[in-house]
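Trainee: Provided below are the primary sequence and the corresponding predicted coordinates.
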Amino acid sequence: MTNETALDLPRPWLPLVVATFVALGVLFASIGLLQYGLIALSDYYVRTLPEYSDLQPPLLALLLGGGMCFQVAIVATAILVGRVRTGRILQQSAMRWVDLMVAAITVAGLVTVTLVILLRIADALPPGIMLVLVVGGVALAVLDLLLLVLRSLLRRAILLRTELDEVV
């Protein structure tokens with residue numbers, strides 16, 4: 001579809017959209033605060049557990065990178081919510097934001113797997129926390145697969161809308 005005008009589609013209720021934007025903003029800010037806290041906490045653990053000080057740079061990089069992946073996915077989600085509200089979701093340009101979301105969640109999953117491997121090699125965490133990390137990695141894989149299915153549905157809807165516009 002080369003025409004980038006807004007379509008006359010049913011729009012979500014405005015208070016629902018505003019609440020979604022607020023929730024995404026709070027989540028984005030919370031992840032930023034968590035990242036800041038991780039930096040301070042890592043310095044504390046280097047002082048209290050010097051035997052793990054060589055793990056600080058890779059662990060901190062992985063954790064901050066994973067947080068940034070989630071922040072990218074949150075921004076892409078907010079943009080897509082805005083596109084739904086304005087009726088521009090069935091345009092080809094919306095696919096770029098969905099692709100960015102899929103890429104961010106995929107990278108976050110790979111970061112989680114790397115984190116689990118690194119922590120397992122160092123034997124730095126008890127089995128219960130390792131189990132939580134593994135379940136988190138599986139949850140990210142499931143989320144990634146769901147996003148891929150929804151991406152294919154959006155692609156199909158865009159194609160159908162393009163065909164409909166050509167007929168009319």
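Mentor: Yep, it's here.
Trainee: and for stretch 59-70, what's in contact with it?
Mentor: 31-32, 34-35, 38-39, 42, 104-105, 107-108, 111-112, 114-115, 118-119 (CB atoms under 8 Å, 6 or more residues apart in numbering). The C-beta positions use only the backbone N, C-alpha and C, and glycine is treated the same way.
Trainee: which elements pack onto the host helix or strand of Arg47?
Mentor: Assigned by DSSP states H and E, Arg47 belongs to helix 14-48. Applying 3 or more CB pairs under 8 Å, 6 or more residues apart in numbering; DSSP states H and E, one finds that helix 14-48 contacts helix 56-86.
Trainee: neighbours around Leu24, how many?
Mentor: For Leu24, the neighbour count with other CB atoms under 10 Å is 16.
Trainee: leaving out chain neighbours, which residue sits closest to it?
Mentor: Ala78 (4.9 Å; CB to CB, 6 or more residues apart in numbering).
Trainee: and for that neighbour, the neighbour number?
Mentor: 18.
Trainee: roughly how far apart are it and Leu100?
Mentor: 12 Å (CB to CB, to the nearest Å).
Trainee: over to Ile121?
Mentor: Ile121 is 32 Å from Leu100, by CB to CB.
Trainee: same thing with Asp144?
Mentor: Per CB to CB, Asp144 is found 13 Å from Leu100.
Trainee: ok, Leu118 - contacts?
Mentor: Taking CB under 8 Å, 6+ apart as the test, what Leu118 contacts is Leu55, Pro58, Leu59, Leu62.
Trainee: one more time with 10 Å
Mentor: By CB atoms under 10 Å, 6 or more residues apart in numbering, the residues touching Leu118 are Leu55, Pro58, Leu59, Leu62, Ala124.
Trainee: check Leu24 too.
Mentor: When the contact criterion is CB under 10 Å, 6+ apart, the partners of Leu24 are Ala73, Ile74, Val75, Thr77, Ala78, Val81.
Trainee: you'd agree the first one is up against Ile105?
Mentor: Yes. Ala73 sits in contact with Ile105 when judged by CB atoms under 10 Å, with a separation of 5.8 Å.
Trainee: any residues in contact with both of the two?
Mentor: Leu143, Leu147.
Trainee: what's the angle from the helix or strand harbouring Val149 to helix 56-86?
Mentor: Val149 belongs to helix 127-167 when elements are defined using DSSP H and E. On the basis of axes from the mean of the first three to the mean of the last three CA atoms, to 10 degrees, helix 127-167 is oriented at 30 degrees to helix 56-86.
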